[in-house]
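K.L.:
the amino acid sequence is not available; the structure is as follows:
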């Protein structure tokens, strides 16, 4: 999938294109709107993100704009999901890694 939404850098809109490739995913269980409901297991996806134009922080902005923020992203992420992963999964940092 390609995302070509421009991002604001120092108050100026800049072209930004990122190619996303899904490597693995889980559908999750339970009420996906309530991370602390009984039987909840979050949906999650492992992606390969390849920025084609723009800057590296556009990955976080593009994913948040698509409704799929990076786990542990305090600026653009979902605080309830981040709390779930911190408390139940031990994730205490941004789950974004460079390969």
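P.N.:
That came through fine. Keep in mind it's a predicted model, so treat the numbers as computed, not measured.

K.L.:
where does this structure have its least confident helix or strand?
P.N.:
strand 7-9 (a mean of 81; mean pLDDT, DSSP states H and E).

K.L.:
that strand: how far from the chain's middle?
P.N.:
18 Å (Cα atoms, centre = their mean, to the nearest Å).

K.L.:
again, but for stretch 83-91
P.N.:
Distance, centroid of stretch 83-91 to centroid of chain: 15 Å (Cα atoms, centre = their mean).

K.L.:
same question for stretch 2-19.
P.N.:
Stretch 2-19 sits 16 Å away from the centroid of its parent chain (Cα atoms, centre = their mean).

K.L.:
do stretch 62-73 as well
P.N.:
3 Å.

K.L.:
for the record, mean pLDDT for it?
P.N.:
Average pLDDT, stretch 62-73: 88.

K.L.:
please tell me how far residue 73 sits from residue 54.
P.N.:
17 Å (Cβ to Cβ, to the nearest Å). In this view, the C-beta of every residue, glycine as well, is placed from N, C-alpha and C.

K.L.:
burial of the closest residue to residue 65 other than its chain neighbours, as a residue count?
P.N.:
Leaving aside its chain neighbours, residue 65 sits nearest to residue 5 (5.8 Å; criterion: Cβ to Cβ, 6 or more residues apart in numbering). Close neighbours of residue 5, defined as other Cβ atoms under 10 Å, add up to 15.

K.L.:
secondary structure class for residue 5?
P.N.:
Recorded secondary structure, residue 5: coil (DSSP: H, G, I helix; E, B strand; the rest coil).

K.L.:
go ahead and confirm it touches residue 64.
P.N.:
No. Residue 5 is beyond contact range of residue 64, at 10.5 Å (criterion: Cβ atoms under 8 Å).
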